[in-house]
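[1] Task: produce atomic coordinates for the following.
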Amino acid sequence: MSTSASKPCPICRKPRNHARGQRSGSAQENPFHPFCSQRCKDRDLARWFSDSYTVAGPPADPEAVASNDWREQD
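    Residues are numbered from 1 along each chain as shown. Here you go, the predicted structure:
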């Protein structure tokens, strides 16, 4: 069975640090989980902001998006 202790950081692929006596993957153990550091966490966020990541699905119709009244969804 694979645990998060054996999975590398998804950004830099370095092994993640794990403290002894704690459950693998816990937030107390690594505040940057699933990343190895704040730097990798920030790099991932920057990739989302720059549209490097995409969510699969059909393209949105710009006219349909523009005609939506987003205030009604609250």
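
[2] And the strands in this structure, which stretches?
    Along the chain, no segments are classed as strands by DSSP state E.

[3] ok now do residue 38, which residues does it touch?
    residue 32 (C-beta atoms under 8 Å, 6 or more residues apart in numbering). All C-beta atoms are positioned from the backbone trio N, CA, C, and that covers glycine.

[4] what about it, distance to residue 11?
    11 Å (C-beta to C-beta, to the nearest Å).

[5] what is in contact with the two at once?
    In contact with both residue 38 and residue 11: no residue, using C-beta under 8 Å, 6+ apart.

[6] Tally up the residues packed near the nearest residue to residue 36 once chain neighbours are set aside, please.
    Closest residue in space to residue 36, ignoring its immediate chain neighbours: residue 9 at 3.9 Å, by C-beta to C-beta, 6 or more residues apart in numbering. Per other C-beta atoms under 10 Å, the neighbour tally for residue 9 reads 22.

[7] Residue 9 and residue 33 touch, don't they?
    No: in this structure, residue 9 is not within contact of residue 33 by C-beta atoms under 8 Å, at 9.9 Å.

[8] Now do the buried residues in stretch 46-66.
    For stretch 46-66, burial by neighbour count (16 or more other C-beta atoms under 10 Å) applies to no residue.

[9] what's the average pLDDT for that stretch?
    In this model, stretch 46-66 has an average pLDDT of 87.

[10] From the rest of the structure, what touches stretch 51-62?
    residue 47.

[11] before we move on, the earlier item: list the contacts of the residue nearest to residue 36.
    By C-beta under 8 Å, 6+ apart, the neighbours of residue 9 are 15, 16, 34, 35, 36, 37, 40.

[12] Sort out for me which of those residues are in helices.
    residue 40 (DSSP state H).

[13] Separate out the buried members of the contacts of residue 9.
    Buried among those (16+ other C-beta under 10 Å): 16, 34, 35, 36, 37, 40.
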